[in-house]
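Participant: what's the 3D shape of this:
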Amino acid sequence: MGAAVLEAIDSSSARDSVDWSRITFWWGDERYLPHGDPDRNDTQSRAALLDHLGLADSQIKPYPAPGEQPDIDGAARAYEQVLAAAAPEDLAFPRFDITFLGVGPDGHVASLFRSTRT
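Facilitator: Presented below is the predicted three-dimensional model:
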């Protein structure tokens, strides 16, 4: 569902009315799979929209992948640090103006998935 919405945005004549340089993309629902894996939400989002916008790498904050941290717990701690670094001084995490929640084929929303694939 989420990729379909992003594809619709990409094909919309209004797509370029947004100042995309002012937007940073974060993930809170991600499978712990290698970058580029088709089951990762960031891979799907890039293919559907993000790769077509000319965004700077700093605007896309993907969740760590296997090999970048010793394990999934380390990946969660590393992403927590990235979030904290983007937060205003008085907050532990950044504020998000828009939260986009997709719906999985089984009806899940904002679930975390454990994967045995690496």
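Participant: ends of stretch 12-20, how far apart?
Facilitator: 14 Å (CA to CA, to the nearest Å).
Participant: ranges for the helices of the protein?
Facilitator: Remark: helices assigned in the chain by DSSP state H are 2-11, 41-48, 72-85.
Participant: tell me where the protein has strands.
Facilitator: Here the chain has its strands, by DSSP state E, at 25-26, 60-61.
Participant: what is the burial count for the closest residue in space to I23 that isn't next to it in sequence?
Facilitator: In space, and not counting its chain neighbours, I23 is closest to Q59: 6.5 Å by CB to CB, 6 or more residues apart in numbering. For glycine as for every other residue, the C-beta is placed from the backbone atoms N, C-alpha and C. As a burial measure, Q59 scores 16 neighbours (other CB atoms under 10 Å).
Participant: please report the distance of Q59 from R95.
Facilitator: The gap separating Q59 from R95 is 16 Å, by CB to CB, to the nearest Å.
Participant: try H52
Facilitator: 26 Å.
Participant: so where is the chain shaky, pLDDT-wise?
Facilitator: Where the chain drops to pLDDT under 70, the residues are 1, 29, 108, 110-118.
Participant: let's see 80
Facilitator: Segments of the chain classed as low confidence (criterion: pLDDT under 80) are 1, 28-30, 101-118.
Participant: I'm done for today, thanks for sticking with me.
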